[in-house]
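**Student:** Here is my input; please provide its structure:
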Amino acid sequence: MQRLPVLSGRQAARAFEKAGFLYDHHTGSHTIYYRPDGRHLSIPDHRELDRGTLRALIRRASLTVEDFLHCHCC
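**Tutor:** You can find the predicted model right below:
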């Protein structure tokens, strides 16, 4: 299993956008993204996301870590 990088909430949001998620709205310190198939993500808008939080977001998005890293790097 690959080690996840330390990312900000905005960097993670950009990677999820590349994975097909669309911006919905901003509530407090969280940005809400969705996919047409019904999946929703609430991404904290923090300077650094905890690796466990990022891993949970990746799992909720039904992505693998490798898929997420590919979206993040491209």
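**Student:** in the chain, which ranges drop under the pLDDT threshold?
**Tutor:** Scanning the chain for pLDDT under 70 picks out 1, 74.
**Student:** show me where it has helices.
**Tutor:** 9-18, 51-60, 65-73 (DSSP state H).
**Student:** mind checking which of those helices is nearest Gly38?
**Tutor:** helix 51-60 (12.0 Å; CB to CB). The way it works is simple: take the backbone N, C-alpha and C, and place the C-beta from them, glycine included.
**Student:** buried ones in that closest one?
**Tutor:** Buried positions in helix 51-60, judged by neighbour count with 16 or more other CB atoms under 10 Å: 54, 57-58.
**Student:** ok now do Glu66, which residues does it touch?
**Tutor:** Taking CB atoms under 8 Å, 6 or more residues apart in numbering as the criterion, Glu66 is in contact with Gln2.
**Student:** go on, Arg10?
**Tutor:** Neighbouring residues of Arg10 by CB under 8 Å, 6+ apart: Asp45.
**Student:** can you put the helices of the chain in TSV and add distance to Arg35?
**Tutor:** Formatted as TSV, the helices of the chain follow (distance: least, CB to CB, whole Å):
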stretch	distance to Arg35
helix 9-18	9
helix 51-60	11
helix 65-73	13
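**Student:** To what extent is the residue nearest to Leu57 when sequence neighbours are not counted buried, counted in neighbours?
**Tutor:** Once flanking residues are discounted, Leu57 sits nearest to Leu41: 5.8 Å by CB to CB, 6 or more residues apart in numbering. Using other CB atoms under 10 Å, Leu41 has 21 neighbouring residues.
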